[in-house]
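S.K.: Sequence first, then the predicted structure:
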Amino acid sequence: MSPAPSFSRAPLMFALGFSSGLPLALTSGTLQAWLTTSGVDLTTIGWFSLAGLPYTLKFLWAPIMDRYSPPWLGRRRGWMLITQVLLALGFLGLANVDPLSTPSIMAFLALAVAFSSASQDVTIDAYRTEVLTIPERGLGASVSVVGYRAAMLLTGAGALIAAQFFGFPMVYGLSAAFLIIGMLATTLGPEPESAGAPRTLRAAVEEPLKEFFSRPGALLLLSLIILYKLGDAFAGSLSTAFLIRGMGFSIGEVGAINKGLGLVAVLLGGLVGGAWLARLGLYRSLLLFGILQAFGNLSFAILAWIGKSYLWMVVAVGLENLASGMGTAAFVAFLMGLCNPRYTATQFALLSALAALGRVYVGPVAGFAVETVGWSNFFLLAVVTALPGLILLTRLREKLYGKILERF
């Protein structure tokens, strides 16, 4: 059984998670709404989706952040402050651009914000992994997820509501002000004990890969990273479309229940998952929360069998998001445990990019599956998709206990 976690760094993890979550909606959904209401044509709006590319490519420049230290605040906090200042400047730049008359300038600024945001994620992930003690990792990961989701709510739904009264430029200007929360956390937070930076940039690129693949079962660990959340991603890729088109719920009902209740359930799941993680240990948490994620998908299959039911919609959305929040807390702690302190930025960026593969690429497969087998069988297929990750986890039990849990 793991030692009891410390709550002393929970506010720090919340603030940094909040700072990490601020930019995503402002370069995706909220920006899309601004472009749409400004009369920008759909083709141009479609091209703006490419602004999200830095999030999938951040591992390419993560070695620079492992190798070099800014002249202030240390290797991790120095880069964190730089990216936060760049984000604030990017938000202010967007606030002063007209999307209809200068869409190319807005596209450049959106890409710059996404690059700064992805870079901030690299440094915050590394910092969180290094600054938290072993007993603090579960709670720290869950609180960080809560902060991230709270920021997404603020710059997503909150930004759209505020824009109706104050306009989008004011929303982006206020978002720059909210970054002060992350800047204060970065400045006041402790610098983690350094394990020593790689000696050269080439070493920063090569050594993280060599170190990871020299471990027993490295390929199986990578397979587990890809598979663990695959069933969750498979079902989630079309859950909103299912509720609207498959079940006939209105957009307002889906927004209130799937987005509103779903967010509350995810936040609660993250906190509960972090607390249980400290008691159960990493392996049992990953296994239990993975099973719960599969049952969450099963609840949507039951809704498809029953038909339109507000009660079961609440049950399905609540269970699925609660389990997803718990699974995410354990999974982030798992990724943290896999990172070598010398190469945290590069290894975490690589591992998190692998974990995102399922979320990015299951969409087309999911759409084909629904057309072929129908909604109820689609969600049963999502349950089946979750099983390979759980089976692999049980096969890796001995390696996990020997190589990761002894550090957790």
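M.R.: Looks like it came in fine. Residues are numbered from 1 along each chain as shown.
S.K.: all contacts plus neighbour counts: C-alpha atoms, from now on.
M.R.: Noted.
S.K.: What pLDDT is listed against the residue of the chain most remote from its centre?
M.R.: No residue in the chain sits farther from the centre than S101, which is 33.5 Å out by CA atoms, centre = their mean. Per-residue pLDDT puts S101 at 78.
S.K.: What's the separation between it and V266?
M.R.: Per CA to CA, to the nearest Å, S101 is found 39 Å from V266.
S.K.: Also L224?
M.R.: 22 Å.
S.K.: got it, and F289?
M.R.: Distance, F289 to V266, using CA to CA: 13 Å.
S.K.: what does G52 give?
M.R.: Note on G52: its distance to V266, by CA to CA, is 23 Å.
S.K.: Between the two, which has more neighbouring residues?
M.R.: V266 (26 against 19; other CA atoms under 10 Å).
S.K.: quick one: the more buried one and A329 touch, right?
M.R.: No. In this structure, V266 is not within contact of A329 by CA atoms under 8 Å, at 10.1 Å.
S.K.: For V370, which three-state class applies?
M.R.: helix (DSSP: H, G, I helix; E, B strand; the rest coil).
S.K.: Pull the contacting residues for it.
M.R.: With contacts defined as CA atoms under 8 Å, 6 or more residues apart in numbering, the neighbours of V370 are 377-378.
S.K.: Look up how far T187 lies from G74.
M.R.: Applying CA to CA to G74 and T187 gives a distance of 10 Å.
S.K.: One more: M313?
M.R.: Here the criterion is CA to CA. By it, M313 lies 44 Å from T187.
S.K.: Between these two, tell me which one has more neighbours.
M.R.: Of the pair M313 and T187, M313 is the one with more neighbours under other CA under 10 Å, namely 23 against 14.
S.K.: So for that one, what's the nearest residue that isn't a sequence neighbour?
M.R.: Beyond its immediate neighbours in the sequence, the residue positioned closest to M313 (CA to CA, 6 or more residues apart in numbering) is L303, lying 6.7 Å away.
S.K.: Please apply the same query to V315.
M.R.: In this structure, V315 finds its nearest non-sequential neighbour in S299, 7.6 Å apart by CA to CA, 6+ apart.
S.K.: helices and strands around the host helix or strand of the one you found, which ones?
M.R.: Following DSSP states H and E, one finds S299 within helix 282-306. Contact here means 3 or more CA pairs under 8 Å, 6 or more residues apart in numbering; DSSP states H and E; on that basis helix 282-306 packs against helix 230-236, helix 262-280, helix 310-338, helix 375-395.
S.K.: Any idea how far it is from the middle of the chain?
M.R.: In this view, helix 282-306 has its centroid 19 Å away from the chain centroid, taken as CA atoms, centre = their mean, to the nearest Å.
S.K.: and that helix, what's its mean pLDDT?
M.R.: 87.
S.K.: do the same with stretch 66-84
M.R.: The pLDDT scores in stretch 66-84 average 86.
S.K.: Mind listing what's buried along it?
M.R.: Neighbour-count burial for stretch 66-84, counted by 16 or more other CA atoms under 10 Å, picks out 66-69, 73-84.
S.K.: Could you count how many residues lie near P99?
M.R.: Taking other CA under 10 Å as the criterion, the count of residues near P99 is 21.
S.K.: domain ranges for this structure?
M.R.: Annotated domains of the chain cover 1-197, 201-408 [automatic domain parsing].
S.K.: so L322 touches L271, yeah?
M.R.: No. Between L322 and L271 there is no contact under CA under 8 Å: 9.9 Å.
S.K.: Neighbour count for those two, which is higher?
M.R.: Set L322 next to L271 and count neighbours by other CA under 10 Å: L322 wins out with 28 against 25.
S.K.: State the distance from that one to Q293.
M.R.: Here the criterion is CA to CA. By it, L322 lies 8 Å from Q293.
S.K.: what do you get for V171?
M.R.: Remark: distance between V171 and Q293 (CA to CA) = 35 Å.
S.K.: Same question for L303.
M.R.: Counting by CA to CA - L303 and Q293 are separated by 16 Å.
S.K.: The two: who's more crowded?
M.R.: Comparing L303 with Q293 by other CA under 10 Å, the one with more neighbours is Q293, at 26 against 22.
S.K.: just the helices in the stretch 51-200 of the chain please.
M.R.: Using DSSP state H, counting those that start in this stretch, the helices of the stretch 51-200 of the chain run over 53-57, 62-67, 74-95, 103-131, 137-153, 159-166, 168-188.
S.K.: which one of the ones you listed is the most hemmed in?
M.R.: helix 137-153 (a mean of 27; mean count of other CA atoms under 10 Å).
S.K.: That one packs against which elements?
M.R.: The elements that helix 137-153 packs onto, with contact taken as 3+ CA pairs under 8 Å, 6+ apart, are helix 10-26, helix 262-280, helix 310-338.
S.K.: List the contacts of that helix.
M.R.: Contacts of helix 137-153 (CA under 8 Å, 6+ apart): 5, 7, 9-10, 13-22, 24-25, 128-129, 132, 263, 267, 270-271, 273-275, 277-278, 328-330, 332-333, 336, 408.
S.K.: quick one, what contacts A15?
M.R.: Residues in contact with A15 (CA under 8 Å, 6+ apart) are 144, 147, 181-182, 185.
S.K.: Identify the residue nearest L268 in space, chain neighbours excluded?
M.R.: Nearest one to L268, counting by CA to CA, 6+ apart, is L322 at 6.6 Å.
S.K.: now the residue nearest to F242 when sequence neighbours are not counted: how far from A369?
M.R.: Closest residue in space to F242, ignoring its immediate chain neighbours: W375 at 7.3 Å, by CA to CA, 6+ apart. Distance check for W375 against A369: by CA to CA, it reads 9 Å.
S.K.: So which of these two has more stuff around it?
M.R.: Legend: neighbour count by other CA under 10 Å for W375 and A369, higher for W375 (22 against 16).
S.K.: wait, that one sits on A304?
M.R.: Yes. Between W375 and A304 there is a contact under CA under 8 Å: 6.3 Å.
S.K.: follow-up on the earlier one: narrow the contacts of helix 137-153 to those that are buried.
M.R.: 5, 9-10, 13-22, 24-25, 128-129, 132, 263, 267, 270-271, 273-275, 277-278, 328-330, 332-333, 336, 408.
S.K.: Please name the residues that touch the residue nearest to M313.
M.R.: Counted by CA under 8 Å, 6+ apart, L303 has contacts 309, 312-313, 316, 376.
S.K.: now the helices and strands packed on helix 137-153 in TSV, with distance to L220?
M.R.: Output for these, formatted as TSV (distance: least, CA to CA, whole Å):
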stretch	distance to L220
helix 10-26	29
helix 262-280	22
helix 310-338	13
